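K.L.:
Have a look; sequence and predicted model below, questions after that.
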Amino acid sequence: MGKVIVVTSGKGGVGKTTSSAALGAALAQNGDKVVVVDFDVGLRNLDLVMGAERRVVYDLVNVIQGEAKLTQALIRDKRLESLYLLPASQTRDKDNLTAEGVEKVVGALRTHFDWVICDSPAGIERGATLAMRHADVAIVVTNPEVSSVRDSDRIIGLLDSKTAKAEAGERIEKHLLLTRYDPARAERGDMLKVDDVLEILSIPLLGIIPESMDVLRASNIGSPVTLADERSAPAIAYFDAVRRLRGESIPVTIPGEKRGFFGKFFGRKAA
Amino acid sequence: MTAVLTQPRPIRLKGRSYLALTLTPELPFEDWLVRLDDLAGRSAGFFLRRPVVLDVEGLEIDRAQLRDLVGKLGTRNVRIMGIEGARPSMLGADLPPAMSGGKATGDIEEPAAAPAKEAPAPAPVESAAEMPAAPLPTTGAPTSLVVTQPVRSGQSLFSEGDITILGSVASGAEVIAGGSIHIYGTLRGRAMAGTLGNAAARIFCRKLEAEMVAIDGFYKTAEDLEPGLRGKPAQFWLEGETFTAGSIA
């Protein structure tokens, strides 16, 4: 049985879709079977970030409504043969997601894949609550600024009360992924410090992804950043996050705080 | 905010709990309304002047169906004061507000059919007045609440007794207690103690970053808090009618 991960945040634009694609690709690079599911019905983006927008025929809503089989809707990545995408529908809206339908689809995916990554839409409405509903693990994507942190806190509250695990009296495993971390702005003090974010949210840190042009460049060419440039700073940070997700214990380095060769290397990449 | 405050007397915010009758409708609503009419027919005026809460938890209905049901109840003189268990998307300005945190009390007895038969025609208001008062919740010692998890933004905790929180209270979260509130982490949200009229209640926190604190209806917002206490261990209490803040020695 595979693990179901929800990538969620509450706030929009913090990097959920980028992180879903990057983590999915990084997990699949080790040979694990991975499916990334886009739950943002009506505003799908994951197909673009993964470079599969021309290959979408059927989608999540078609599967839920019985118009297509799961195998028909799954799109295999052209670069990694163990990476799959289940796209969202762009023409329907979130009301087409039903609790029973989502449960069935996630249950089926869980038996076929090692990792099921659910890319949640922003907000706390139906789409977001259904994306987190059957998760074993939650990755809370947060930017180091107050509104994103408060929204993440709200989402953590929902993860602890509205998920199937929480309702069964179990605890859902939660990890913080701090994205768009800008070392220069952190140095000037116009960004929340890592320690402050950790103190407010009080969940374990999975990784810190530096703000970088590499991320934008990768999504423009339709490639997860961990595939586009494996040596880039954000890719390295995502690979480390995946190792921690697998249970390895490796220390988190705060971008910009490391001086010397790597500091300069990262600094130039982030420019 | 252009009005100038000439009177420094603050508005007092107080909590109060009431016993409300709860109706739990079942689908299909037509059949359920028939049964309700049957009950109302045997005891005229049963629902008149009573606060009624509609519990729709777990019902797969949309906003239109809910509004329709509230309307149909309205024509039967059943006035709904609040709705429990509805998704936020189902509610709006045209529907009663959402209620949560209700506690069950005993079943409210439906009245004997006899008096209604004696007064058949239009005296429903009087028969309502004759009805025995609804049973009050049993008043034992108020229970305290101990929370071992952080209180997250958007969450609201209530206890008639004391509340002890081992973690932090997030910005946008609120803690409401009939007694005192003890927070062993940082208070970033709102804390309201002594809301059931207990002026001796206090609020304690290990680190003060609160949005608002209140005791027995007297309150202070973040802007009025002593700047010297910000980020430090603090406590609040009432001295007469003076809201007092101090450090914890």
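P.N.:
Right, received. Where do you want to start?
K.L.:
which parts of chain A sit against chain B?
P.N.:
By Cβ under 8 Å from any Cβ of the partner chain, the residues of chain A that approach chain B are A:125-126, A:146, A:150-151, A:153-154, A:156-158, A:160, A:199-200, A:202. (Each C-beta comes from the backbone N, C-alpha and C, glycine too.)
K.L.:
Within its local environment, how many residues does the residue nearest to A:P210 when sequence neighbours are not counted see?
P.N.:
Among residues not flanking A:P210 along the chain, A:P255 sits closest, at 4.0 Å (Cβ to Cβ, 6 or more residues apart in numbering or on different chains). A:P255: 26 surrounding residues under other Cβ atoms under 10 Å in any protein chain shown.
K.L.:
Surely A:P255 is in contact with A:A184?
P.N.:
No. Assessed by Cβ atoms under 8 Å, A:P255 is found out of contact with A:A184, at 10.0 Å.
K.L.:
Centre of the chain to stretch A:144-161, how far?
P.N.:
The chain centroid and the centroid of stretch A:144-161 are separated by 15 Å, computed with Cα atoms, centre = their mean, to the nearest Å.
K.L.:
wait, I meant stretch A:74-89
P.N.:
15 Å.
K.L.:
Which residue is the nearest non-sequential neighbour of A:G101?
P.N.:
For A:G101, the closest residue by Cβ to Cβ, 6+ apart turns out to be A:I64, at 3.3 Å.
K.L.:
Spit out the contact partners of that neighbour.
P.N.:
A:96-98, A:101-102, A:104-105 (Cβ atoms under 8 Å, 6 or more residues apart in numbering or on different chains).
K.L.:
Which of those sits closest to chain B?
P.N.:
Taking Cβ to the nearest Cβ as the measure, chain B lies nearest A:T98 of those, at 9.3 Å.
K.L.:
State the number of residues packed around the closest one.
P.N.:
Other residues lying near A:T98 total 15 when counted by other Cβ under 10 Å.
K.L.:
And A:T71, by the same measure?
P.N.:
10.
K.L.:
mind checking the SS state of it?
P.N.:
Of the three states, A:T71 takes helix under DSSP: H, G, I helix; E, B strand; the rest coil.
K.L.:
Now do the same for it: its pLDDT.
P.N.:
What the model reports as pLDDT for A:T71 is 94.
K.L.:
Report the separation between A:T226 and chain B.
P.N.:
Counting by Cβ to the nearest Cβ, to the nearest Å, the separation of A:T226 from chain B is 31 Å.
K.L.:
so which helix or strand takes in A:E187?
P.N.:
Using DSSP states H and E, A:E187 maps to helix A:183-188.
K.L.:
Kindly export that helix (C-alpha atoms) in PDB.
P.N.:
Only the C-alpha atoms of helix A:183-188 are listed here, as PDB (Å, rounded to 0.1, in the frame of the first residue of the first chain):
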ATOM      1  CA  PRO A 183      18.500  34.900   1.700                       C
ATOM      2  CA  ALA A 184      19.000  38.600   0.800                       C
ATOM      3  CA  ARG A 185      15.600  39.700   2.200                       C
ATOM      4  CA  ALA A 186      16.100  37.500   5.200                       C
ATOM      5  CA  GLU A 187      19.400  39.300   5.900                       C
ATOM      6  CA  ARG A 188      17.700  42.700   5.600                       C
END
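K.L.:
so how many other residues sit close to the residue of chain B found nearest chain A?
P.N.:
Across chain B, no residue is closer to chain A than B:R152, which sits at 3.1 Å (Cβ to the nearest Cβ). The number of residues packed around B:R152, counting by other Cβ under 10 Å, is 27.
K.L.:
which residue sits closest to it, ignoring its sequence neighbours?
P.N.:
Nearest non-adjacent residue to B:R152, counting by Cβ to Cβ, 6+ apart: A:G157, 3.1 Å away.
K.L.:
what's residue 68 in contact with, if anything?
P.N.:
In the absence of a named chain, chain A is used. With Cβ under 8 Å, 6+ apart, A:A68 has these contacts: A:57-58, A:62.
K.L.:
hm, I was asking about chain B
P.N.:
Residues near B:D68 by Cβ under 8 Å, 6+ apart: B:F29.
K.L.:
which element is it on?
P.N.:
Going by DSSP H and E, B:D68 is in helix B:63-75.
K.L.:
cool, B:L39 as well?
P.N.:
With DSSP H and E as the criterion, the answer for B:L39 is helix B:29-42.
K.L.:
List the buried residues for that helix?
P.N.:
By neighbour count on 16 or more other Cβ atoms under 10 Å in any protein chain shown, the buried set for helix B:29-42 is B:29, B:33, B:36, B:40.
K.L.:
can you redo the residues you listed as TSV with pLDDT?
P.N.:
Shown next, in TSV, are those (pLDDT from 0 to 100):
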residue	pLDDT
B:F29	86
B:L33	87
B:L36	81
B:A40	75
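K.L.:
Specify which member of the residues you listed is nearest to A:A25.
P.N.:
Of all the buried residues of helix B:29-42, A:A25 sits closest to B:F29, with 49.7 Å by Cβ to Cβ.
K.L.:
so the closest one makes contact with B:K72?
P.N.:
Yes. B:F29 is within contact range of B:K72, at 7.5 Å (criterion: Cβ under 8 Å).
K.L.:
which is the next helix or strand following the helix or strand of chain B with the lowest mean pLDDT?
P.N.:
Every helix and strand of chain B was ranked by mean pLDDT, DSSP states H and E. The lowest is helix B:124-130, at a mean of 38. On the C-terminal side of helix B:124-130, the closest following helix or strand by DSSP H and E is strand B:145-147.
K.L.:
State the mean pLDDT of that next one.
P.N.:
In this model, strand B:145-147 has a mean pLDDT of 94.
K.L.:
So what are the sheet partners of the following helix or strand past that strand and their directions?
P.N.:
Following strand B:145-147 in sequence order, the next helix or strand is strand B:156-159 (DSSP H and E). Here strand B:156-159 is paired, per DSSP bridges, with strand B:174-177 (parallel).
K.L.:
Tell me how far the strand it pairs with lies from the chain's centre.
P.N.:
Between the centre of strand B:174-177 and the centre of its chain there are 11 Å (Cα atoms, centre = their mean).
K.L.:
that older thread, just the buried ones among the contacts of A:I64, please.
P.N.:
The buried subset of the contacts of A:I64 - by 16+ other Cβ under 10 Å - is A:96-97, A:101-102, A:105.
K.L.:
In helices, which of the residues you listed fall?
P.N.:
The helices, defined by DSSP state H, take in A:101-102, A:105 from the buried ones among the contacts of A:I64.
K.L.:
any weak-confidence spans in chain A?
P.N.:
Residues of chain A meeting the criterion pLDDT under 70: A:257-271.
K.L.:
And the strands in it?
P.N.:
A:3-8, A:34-38, A:75-76, A:83-86, A:115-119, A:137-142, A:173-181, A:205-210 (DSSP state E).
K.L.:
So what are the sheet partners of the last one and their directions?
P.N.:
Partner strands and pairing direction for strand A:205-210 (DSSP bridges) are strand A:173-181 (parallel).
K.L.:
quick one, the partner strand and strand A:3-8 angle?
P.N.:
40 degrees (axes from the mean of the first three to the mean of the last three Cα atoms, to 10 degrees).
K.L.:
give the contact list for B:A234.
P.N.:
Taking Cβ under 8 Å, 6+ apart, we find B:A234 in contact with B:204-205, B:208, B:245-248.
K.L.:
How many residues are close by the closest residue to chain B within the stretch 1-150 of chain A?
P.N.:
Of all residues in the stretch 1-150 of chain A, A:R150 sits closest to chain B, at 5.2 Å by Cβ to the nearest Cβ. The burial count assigned to A:R150 is 23, neighbours taken as other Cβ under 10 Å.
K.L.:
quick one: low-confidence parts of chain B?
P.N.:
Judged by pLDDT under 70, chain B has its weakly predicted residues at B:1-8, B:42-49, B:103-141, B:249.
K.L.:
who in it is up against chain A?
P.N.:
B:87-89, B:149-150, B:152-155, B:167-168, B:170-173, B:186, B:188.
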